[in-house]
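1. what's the 3D shape of this:
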Amino acid sequence: MVKVLFVCMGNICRSPTAEGVFANIVERQGLNDIIEIDSAGTHAYHIGNPPDPRSQECALQRGIDLSSLRARRVNKQDFNEYDYILAMDKDNYSELEEICPDELLEKLKLFMDFAPHLSNKEVPDPYYGGSNGFERVFDMVEEAAQGLLRDIQKRRD
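-> Residues are numbered from 1 along each chain as shown. Modelled structure (predicted):
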């Protein structure tokens, strides 16, 4: 079993979108039995809340339902539990790096590293922007999710 954790600040926009998109791709490929997916936030602002309505609406328009997801805060045990811990941006990467045991740092990566053909290496936080920001995030997440799946498959072969 390969375990993937997506992390943003509050776990209501970017990381649940990544969780939903990647889960959809994994399901379509018939890989649910070998890949486990979750998301979390570096801050406790929204613990227990569903994803932002704008994230949910954007995802639903593309056939992905995020309504069952609930925000949680990342914890130290996550570094032992997950094989991939993927930060949406450099600030959250730094937050994770501070709590990650040194021997597990190789698990920590920027999510956009899996989309090297895109120029932006961070998924921008759409929370304070308009709906087009959520669309942009979704597009970026789709690209990186495809690259992540290729990476997992390559490592398993």
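
2. Can you get me a residue count around Ile34?
-> 13 (other CB atoms under 10 Å). C-beta here means a position set from N, CA and C on the backbone, and glycine is covered the same way.

3. Verify the stated contact: it with Val2.
-> Yes - judged on CB atoms under 8 Å, Ile34 makes contact with Val2 at a distance of 6.2 Å.

4. Common neighbours of those two, please.
-> Arg156 (CB atoms under 8 Å, 6 or more residues apart in numbering).

5. Pull out the buried positions in the longest helix seen in the chain.
-> With secondary structure taken from DSSP state H, the chain has its longest helix at helix 131-156. Across helix 131-156, burial judged by 16 or more other CB atoms under 10 Å covers 133-134, 136-138, 140-145, 147-149, 152.

6. Going along the chain, name the helices of this structure.
-> Going by DSSP H, the chain shows helices at 14-28, 53-61, 77-81, 90-99, 131-156.

7. Off-centre distance for the first one?
-> Relative to the mean C-alpha coordinate of its chain, helix 14-28 is positioned 8 Å out (CA atoms, centre = their mean, to the nearest Å).

8. Then the third one?
-> Taking CA atoms, centre = their mean, one finds the center of helix 77-81 at 16 Å from the center of the full chain.

9. Report the buried residues of that helix.
-> Here helix 77-81 shows 78-79 as buried, counting by 16+ other CB under 10 Å.
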